[in-house]
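Undergrad: sequence first, predicted model second:
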Amino acid sequence: MAYPLEVWQRAVLPREFYQRDTVAVARELLGKVLVRRTPEGVVALRLMEVEAYLGVDDPAAHTAGGRRTPRNEVMWGEAGHLYVYFTYGMHFCANVVTRAPGQPEAVLLRGGVVLWGDELVQRRRRGRGDVNGPAKLCQALALTRRENGTDLTEAGEVFLAEDGFCVPPERVLAVPRVGVEYAGAAALWPLRFVVRGFPAVGLRSDDGAEGLPSRRGAPKPR
DNA sequence: TTGCCGATTACCT
DNA sequence: GGTAATCGGCAAC
């Protein structure tokens, strides 16, 4: 097959994709391809886990209550840009900005499956190839403060693309977000979206991995 | 200017 | 399951 980078470069997600409802964007980001180019090579990741952050009315968001600081400035701007921040003194986390300017909402990129550049990922992750967790994702893709504000709709050093891969809605799990206990009731909002079977932190990894209704137990969701 | 704590991870028991 | 590592953001003093 042709070098897949060429394929992804021709299928970059347009601005309009990001300018919609944040929950819809989050759900639809699952299955999309995050492409990262550096002098070291190309890494491509199929997104399997994300979290929605709903702006000023979401106590768990950096922009909760209308907070606007140099750090979260990108969230206040145009949709389709990358918001990267530093946390815990040693980690970076990457988000995709959604909605319109003045509506500071975003989707945190938490994990995925490496489609290209596995060797490079292994090197950056010190021998590990798993990309489940926002800081691991940034490490695997070499995303740092330098990439903060990058426009993801241009096929440059970081962008998101569509390649026809489809995640059926019934394979998407909606569960509470991680590490936001301080946000009170909002910590329970089911704004974390995971593709069933993806080995995400704090989730059973054997649930419907083959797309079969394997022991769909007691409570019937929905 | 100070001080607390975080949208985490890895490694220990 | 517990916790150290490690530092910048941000609110309060």
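TA: On my side now, so go ahead. Keep in mind that what you see is a predicted model, and the values were worked out from it rather than measured.
Undergrad: the helices in chain A, which residues?
TA: Along chain A, the segments classed as helices by DSSP state H run A:4-9, A:15-18, A:22-29, A:118-124, A:134-141.
Undergrad: deepest of the ones you listed, which one?
TA: helix A:134-141 (a mean of 23; mean count of other CB atoms under 10 Å). The C-beta positions use only the backbone N, C-alpha and C, and glycine is treated the same way.
Undergrad: tell me what that helix is packed against?
TA: For helix A:134-141, the elements it packs on are strand A:41-53, strand A:91-98, strand A:105-116, helix A:118-124, judged by 3 or more CB pairs under 8 Å, 6 or more residues apart in numbering; DSSP states H and E.
Undergrad: Serialize those to a markdown table and add fields for distance to DNA strand C and mean pLDDT.
TA: Converted to a markdown table, the helices and strands packed on helix A:134-141 look like this (distance: least, CB to the nearest atom of the strand, whole Å; pLDDT from 0 to 100):
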| stretch | distance to DNA strand C | mean pLDDT |
| --- | --- | --- |
| strand A:41-53 | 13 | 97 |
| strand A:91-98 | 8 | 97 |
| strand A:105-116 | 13 | 97 |
| helix A:118-124 | 18 | 95 |
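Undergrad: reformat these as a markdown table; add distance to A:Asn72.
TA: As requested, the helices and strands packed on helix A:134-141 are arranged in a markdown table below (distance: least, CB to CB, whole Å):
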| stretch | distance to A:Asn72 |
| --- | --- |
| strand A:41-53 | 10 |
| strand A:91-98 | 10 |
| strand A:105-116 | 9 |
| helix A:118-124 | 26 |
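Undergrad: who wins for proximity to A:Gly133 among the ones you listed?
TA: strand A:105-116 (6.2 Å; CB to CB).
Undergrad: between the helices and strands packed on helix A:134-141, which gets nearest to A:Glu170?
TA: Between A:Glu170 and those, the tightest spacing by CB to CB is seen for strand A:41-53, at 15.4 Å.
Undergrad: list the buried ones in the closest one?
TA: A:Val42, A:Val43, A:Ala44, A:Leu45, A:Arg46, A:Leu47, A:Met48, A:Glu49, A:Val50, A:Glu51, A:Ala52, A:Tyr53 (16 or more other CB atoms under 10 Å).
Undergrad: wait, which of these is closest to A:Arg126?
TA: Of all these, the one sitting nearest A:Arg126 is A:Val43; the distance, using CB to CB, is 15.3 Å.
Undergrad: quick one: the closest one from A:Ala161, how far?
TA: Computed with CB to CB, to the nearest Å, the distance linking A:Val43 and A:Ala161 is 13 Å.
Undergrad: okay, and the common contacts of these two?
TA: A:Val35 (CB atoms under 8 Å, 6 or more residues apart in numbering).
Undergrad: turn the helices of chain A into TSV, including distance to A:Ala94.
TA: Formatted as TSV, those follow (distance: least, CB to CB, whole Å):
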stretch	distance to A:Ala94
helix A:4-9	18
helix A:15-18	14
helix A:22-29	12
helix A:118-124	14
helix A:134-141	5
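Undergrad: quick one, which of those helices is nearest to A:Met75?
TA: Ranking the helices of chain A by their distance to A:Met75 (criterion: CB to CB) puts helix A:22-29 first, at 11.1 Å.
Undergrad: measure how the closest one sits relative to strand A:105-116, angle-wise.
TA: Relative orientation of helix A:22-29 and strand A:105-116, computed by axes from the mean of the first three to the mean of the last three CA atoms, to 10 degrees: 0 degrees.
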